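# quick one, fold the following:
(chains A and B)
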There are 2 protein chains.
Amino acid sequence: MVELGSTSITIVSVIAAVAVASLLIAVVLRRQVLAAGEGTESMREIARAVQEGASAYLSRQFRTLALFAVVVCALLFLLPGDGGVKLGRSVFFLVGAGFSAAIGYLGMWLATRANVRVAAAASEPGGRAEGARIAFRTGGFVGMSVVGLGLLGAASVVLIYRAEAPAVLEGFGFGAALLAMFMRVGGGIFTKAADVGADLVGKVEQGIPEDDPRNAATIADNVGDNVGDCAGMAADLFESYAVTLVAALILGKAAFGEQGLVFPLIVTAMGAIVAVLGVFITRVRGAESGLAAINRGFYISALVGVALSAIAAFIYLPSSFADLTGGTAGLETHGGDPRLIASVAVAIGVVLAGIILWVTGYFTGTTSKPTLHVARTTLTGAATVVLSGIGVGLESAVYTAGIIAAAICGVFLLAGGSVALSLFLIALAGCGLLTTVGVIVAMDTFGPVSDNAQGIAEMSGDVTPEGAQILTDLDAVGNTTKAVTKGIAIATAVLAATALFGSYADAVASALRTAGEVGDELTASMLNYSIISPVTLVGVILGGATVFLFSGLAIDAVTRAAGAIVFEVRRQFRENPGIMTYEVRPEYGKVVDICTRDSLRELATPGLLAAFAPIAVGFGLGVGPLAGFLGGAIATGVLMAVFLANSGGAWDNAKKIVEDGNFGGKGSDAHAAAVIGDTVGDPFKDTAGPAINPLIKVMNLVALLIAPAVVAISVGDDANQTVRLSIAVVAALVAAGAVVASRLRAARDDKHDLTREAEKALA
Amino acid sequence: MVELGSTSITIVSVIAAVAVASLLIAVVLRRQVLAAGEGTESMREIARAVQEGASAYLSRQFRTLALFAVVVCALLFLLPGDGGVKLGRSVFFLVGAGFSAAIGYLGMWLATRANVRVAAAASEPGGRAEGARIAFRTGGFVGMSVVGLGLLGAASVVLIYRAEAPAVLEGFGFGAALLAMFMRVGGGIFTKAADVGADLVGKVEQGIPEDDPRNAATIADNVGDNVGDCAGMAADLFESYAVTLVAALILGKAAFGEQGLVFPLIVTAMGAIVAVLGVFITRVRGAESGLAAINRGFYISALVGVALSAIAAFIYLPSSFADLTGGTAGLETHGGDPRLIASVAVAIGVVLAGIILWVTGYFTGTTSKPTLHVARTTLTGAATVVLSGIGVGLESAVYTAGIIAAAICGVFLLAGGSVALSLFLIALAGCGLLTTVGVIVAMDTFGPVSDNAQGIAEMSGDVTPEGAQILTDLDAVGNTTKAVTKGIAIATAVLAATALFGSYADAVASALRTAGEVGDELTASMLNYSIISPVTLVGVILGGATVFLFSGLAIDAVTRAAGAIVFEVRRQFRENPGIMTYEVRPEYGKVVDICTRDSLRELATPGLLAAFAPIAVGFGLGVGPLAGFLGGAIATGVLMAVFLANSGGAWDNAKKIVEDGNFGGKGSDAHAAAVIGDTVGDPFKDTAGPAINPLIKVMNLVALLIAPAVVAISVGDDANQTVRLSIAVVAALVAAGAVVASRLRAARDDKHDLTREAEKALA
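Numbers count the residues shown, from 1 in each chain, chains lettered A, B, ... in the order given. Next up is the predicted model:
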């Protein structure tokens, strides 16, 4: 155990100050956004309805999750460990969860105010640049908050707990990941249930445009953009930030000693500077597309990030491993130059982000070959559109996974085959990836804000034709940036999860030293990490299965909730013929209520599954199979996440290609087929896909936290197989019970909806 | 190394005789089928067109594959090893491939003759029982051929090569798996391209029924059933049989010595007896459904299989491990009773088959809740049908994978945690599963035969209304039995692949003993099986990615080929208005030609990927990551295979539910939505899904075959990293090149089709 020297303390204090400065910049950006004009009364009224719906949903969601957080916090305290560290871990679990929630809430708050301002700006002269500026500044606010709070949390833990920081950081990361997972799932179900429901009745059945005020689901759709695509995404990226930083700090301490605990903080502090730069240099020049401006901003800030990190490495780190203070991984005799190695690792992470940006653009952009191929299949009907989108998604997942795998191999070679060093460097590459996160978040928030702005413009009817075109362009940019963010987020999940295996193995090894004798073959198999052991392979299968089940549950939840909304919107059209003639205003609130109720109800099952499946596997089969479980979840998870995100992105933009007048254009059979593809893609890309990222991290951190307890209860004098198996059975029952409960609800819903349909048929 | 005792030789000779007897029974069944009446001239004419198309396709396919087989055979000879064994391995590679091809061809030959006989019988009095009898006897022929040839091949190798049999058996299994994979892929693309193309234009655009003679794609559709669902499936199950038996023999020798080499043959010989029983006791009583009769036949023969295997174990095996002759795994001191342990392992396999039968029925049956749920979502449109089917598929995959995982854990507990013993027992459980394979194959062949019979009846118009109803009922039974077969086949893949890990580790260990020194950390990482090593985890990711890419390529190939057929059928309707009024006969042959050309062209890419990806990973990253690769492929593969099979099955039967008059019935919007779901499911369940089973086995056997070469070239005095990396790069380039070539073709096709569409628009 190392204590921090005074230089380190000074540096970490400076980093904490950088974090605070980032938050201050966020406040400035927020003020700039709020200073813009709010448009006509009618626009403001619509915006208010969206604000209220989004606030009400998030407040109810946080009340539900607060209870859950308290329970988990108590369970955390039951795990073995030193009292002070345990208390810190539980407290920082709540801090991580609170930060995650706060970023989501604040992001949503500003986005629901920025949308109307973008809509208003679009009709003014120079509206194109001004609209993009407001939307991007809103993203900048969220980005700076993510960077600021992430850095502040981590720096505080290091300053307070010094050498014991790693254990406490696990709690911080876990809290952030757990909250983010729930927000991704709940918000994802809300947004896509509303979107799918609105499209199915509005576009497909009634033939009215998107965001038409006669559609009872439009307000819910706009609320959904904010609670899902904005709040959920912001929490998710905060969690990526926090967990990657946590992994780097834990492993850095083992590999580089004191400097390893401080250097990742330095790199991410550089990321804060890069983020400010990115947000302020990104502006639309003349008639160029919003995407071109954003890409330029990204690549410039990425380059600056690499340069600054390298400079920091060469100033801060010594030139030989022997000069590092107190690493425990025994790298003193390593021949390389830590400054160079660390700089290259960071650079690999940044390059990885750039390549993912490019690949995602290739597979989902409106002018790229795969998307054009999907658009072309609209000529042969909906079935071929669905099939071609799935084909594109599966293929793109392979390339993205391959690139991430190549980055890991590259880092491994850089480390000369040393596992301990390579794990730290993988985490450092993750930090490199994250130096771009400020810009990424800003890019992503762009999506829901411009989408909402378009909705408000359409519903109010108060926007000029030129303004409407500007908003449509901005919205299309949002589609691509959203797909990119998901690729980056899942890459951080793989890097962080791979790196955390190092801490996992350390935790197991140290628990084994305490426990003593291993005993018989059956117990030994519980500790076997080798993939050729049948039970470890069973772990891999179960890990993959959890990802499949989680995805299936999320998609199913959307299908069911969307079904309820379809029936409600149809009912309103049927019972109030005046809606169609604009005489009666539809009851928007009812649809928002259904979305809220269903999302909160459905979010529990995948959440419980993620938290309890690793507990069941760990206590039931052992830490070896649990490692296999995590490996299976990471591998299947990255593939599934990218598959779902990119299929969805390709369908979305294929629809845009058709709507732009190709293959028959709007209203043709090809367009109907494209809309079906897009609708299938909605829960893929915005519910199941993005939730896999926090899922992987939650399962990883649960495994890391319980590993010592599993060892203590399986091996040595205190072993108690009855208690061990009881814990496994209870955890399995909780996870299975959640799934069964969800199934029973589904069966009841099916009956209920049928009754309504029968009533309709009789009426 | 043990030599076989005279008792063993006698037993194996008896088993060879049982194999020959099975083949004779197959000949008898064939004669029985051919003895039935062939129906009207018009029926015979249609049947002849199908026979010719199917024969022509398979002959061309075999010519293409023969070249490939010769190349692989030569490559096999390049691998290190003893000359005699190497020669045997190469020869038996060709024998395995030849058997696989022969079973596919013979099965197709009889099925294309049985279809017209079933159609003819349905119109006669007592047609229900007679039709089912002919269809099931056809299946019985294929089943007995599978069992007979599998057993004959394995017994011959044991008799000829004695103690060296395991190495030669690898070649036999590899040949069987490789051919089967190509037949599954090629046949699967053919059948679904024709089916999807026929449905898209016929059912969806023109509103004419399935198998309407005016549809130019109907003959191709019927040909497809035979080359895909019949020949491809038969080869696939033969391969499952062969590879599982191979795994059991290899591992049996290590665990049980001489008795371990003979006992799996005894169990499968019992399977031959069980198969005869199953085929002859399965008959439809009175008005009961065909499925009830098949289920009864399955469960009775499964029970008999368990009983016979247990009796054989108690007669043949000694009561203690110490009395086993010459096992190398050091189990002499194991306290259990080998007779009991072996019997229970076989029973676990049989029970696993029964549970999979039940679960698959639950998720895809026409009266089960999940299928009803999918059917209900037709009320809210095609998008929700697709989403709900995907949800059901993902969920069912988890349960099937979970059950297989539980079986592995059960066997592991039975072995008391000994890895060597548990691997053999897992293979024995696979043999238990396979005692039911005769009945399973018979069940599955039922599908294409009755499907074709219905097609011939519809096209000829020569069947009575009662006869038509009987054929429809038989066809529906075929849908469920097909889904069950896929579940069983993938279970054998997991069990065989898991077990083969044992041989893999042995091969590596023995190569390491020869090579000597391991050297530096980077080389050590190449040998690291631990899933917490970053490169091994990379292997897991790449294994999963290969399954995704393979599935995506297969689905894409169908989409593209179906697109070509849609354009062709549309062209014929447009250019010959007489087709619609029955005045002009459509050019069926043109569509068959397109299917043949496209399937043969598209089958190369996934095939090369499967063969070369493990070589690239093995030589590039090492045997540890290669083990990770296999683990990732197994885990993702089983999930993906079941997901694809069961989504497809659920959509297919959901469509049947709607067609039976529910939710609006035929011609309603709900029906249109159901047809889209079914079409999406076609390449899922009949192309990509079932091909994953042989894919896993091919990759496993490639890994097993190259492992010693990888070790020899990486470690010790003969290590040559340049050659190693060159091999990896060449293999990666071959795999990637195949994918790129396929992409370029796709781009050209896209343009070509576009040109035609443009012409049409101008005309």
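# list the buried residues in the helix or strand hosting residue A:453.
Using DSSP states H and E, the element containing residue A:453 is helix A:437-460. Buried residues in helix A:437-460, counting neighbours by 16 or more other C-beta atoms under 10 Å in any protein chain shown, are found at A:437-460. The C-beta positions use only the backbone N, C-alpha and C, and glycine is treated the same way.
# that's a strand at residue A:367, yeah?
No. When the secondary structure is assigned by DSSP: H, G, I helix; E, B strand; the rest coil, residue A:367 falls in coil instead of a strand.
# what's the neighbour count on it?
A count of nearby residues for residue A:367, using other C-beta atoms under 10 Å in any protein chain shown, gives 10.
# list the residues that contact the closest residue to residue A:531 other than its chain neighbours.
Taking C-beta to C-beta, 6 or more residues apart in numbering or on different chains as the measure, residue A:531 lies nearest to residue B:631, with 4.3 Å between them; neighbours along the chain are not counted. Taking C-beta atoms under 8 Å, 6 or more residues apart in numbering or on different chains as the criterion, residue B:631 is in contact with A:531-532, A:537, A:540, A:628, A:631-632, B:531, B:539-540, B:543.
# tell me, what residue is most central in chain A?
By C-alpha atoms, centre = their mean, the mean C-alpha position of chain A lies nearest to residue A:236, the distance being 3.5 Å.
# ok, the residue nearest to residue A:531 to residue B:37 distance?
Here the criterion is C-beta to C-beta, to the nearest Å. By it, residue B:631 lies 53 Å from residue B:37.
# dump the helix holding residue A:453 to PDB, keeping only the CA atoms.
The C-alpha atoms that make up helix A:437-460 are tabulated as PDB, following Å, rounded to 0.1, in the frame of the first residue of the first chain:
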ATOM      1  CA  VAL A 437     -16.500  12.200 -24.400                       C
ATOM      2  CA  GLY A 438     -17.300  15.900 -23.900                       C
ATOM      3  CA  VAL A 439     -17.700  16.400 -27.700                       C
ATOM      4  CA  ILE A 440     -19.500  13.000 -28.000                       C
ATOM      5  CA  VAL A 441     -22.100  13.900 -25.400                       C
ATOM      6  CA  ALA A 442     -22.600  17.300 -27.000                       C
ATOM      7  CA  MET A 443     -23.000  15.500 -30.400                       C
ATOM      8  CA  ASP A 444     -25.500  13.100 -29.000                       C
ATOM      9  CA  THR A 445     -27.700  15.600 -27.100                       C
ATOM     10  CA  PHE A 446     -27.900  17.400 -30.400                       C
ATOM     11  CA  GLY A 447     -30.200  14.500 -31.500                       C
ATOM     12  CA  PRO A 448     -33.200  14.800 -29.100                       C
ATOM     13  CA  VAL A 449     -33.000  18.500 -29.000                       C
ATOM     14  CA  SER A 450     -33.300  19.000 -32.800                       C
ATOM     15  CA  ASP A 451     -35.800  16.100 -33.000                       C
ATOM     16  CA  ASN A 452     -38.000  17.900 -30.400                       C
ATOM     17  CA  ALA A 453     -37.500  21.200 -32.100                       C
ATOM     18  CA  GLN A 454     -38.900  19.700 -35.300                       C
ATOM     19  CA  GLY A 455     -41.800  18.300 -33.400                       C
ATOM     20  CA  ILE A 456     -42.700  21.600 -31.700                       C
ATOM     21  CA  ALA A 457     -42.400  23.400 -35.100                       C
ATOM     22  CA  GLU A 458     -44.700  20.800 -36.700                       C
ATOM     23  CA  MET A 459     -47.300  20.900 -34.000                       C
ATOM     24  CA  SER A 460     -47.400  24.700 -33.500                       C
END
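# beyond it, next helix or strand please.
The first helix or strand that comes after helix A:437-460 along the chain, using DSSP H and E, is helix A:465-515.
# that next one and chain B, any residue contact?
Yes. Between helix A:465-515 and chain B, judged by C-beta under 8 Å from any C-beta of the partner chain, the touching residues are A:494, A:498, A:501-502, A:504-505.
# can you give me the neighbour number for the closest residue to chain B within the stretch 651-763 of chain A?
Using C-beta to the nearest C-beta, the single residue of the stretch 651-763 of chain A nearest to chain B is residue A:679, 3.6 Å away. As a burial measure, the neighbour count of residue A:679 was computed by other C-beta under 10 Å and equals 29.
# what residues are up against it?
Taking C-beta under 8 Å, 6+ apart as the definition, contacts of residue A:679 comprise A:196, A:199-200, B:381, B:383.
# same check, this time on residue A:545
Contacts were defined as C-beta under 8 Å, 6+ apart; by that measure residue A:545 touches A:632, B:397-398, B:401-402, B:405, B:635, B:639.
# from those, pick the one nearest residue B:551.
residue B:639 (11.0 Å; C-beta to C-beta).
# my guess is that closest one meets residue B:398, correct?
Yes. Using C-beta atoms under 8 Å, residue B:639 makes contact with residue B:398 at a distance of 7.3 Å.
# higher neighbour count, those two?
Summary of the neighbour comparison: residue B:639 and residue B:398, criterion other C-beta under 10 Å, with residue B:639 having more neighbours (29 against 26).
# list the contacts of residue A:285.
Applying C-beta under 8 Å, 6+ apart, we find residue A:285 in contact with residue A:293.
# ugh, wrong one, I meant residue A:449
By C-beta under 8 Å, 6+ apart, residue A:449 lies in contact with A:111, A:114-115, A:118, A:134-135, A:138-139, A:230, A:478.
# and stretch A:39-46, how far out from the chain middle?
Taking the mean of its C-alpha atoms, stretch A:39-46 sits 32 Å from the chain's own mean (C-alpha atoms, centre = their mean, to the nearest Å).
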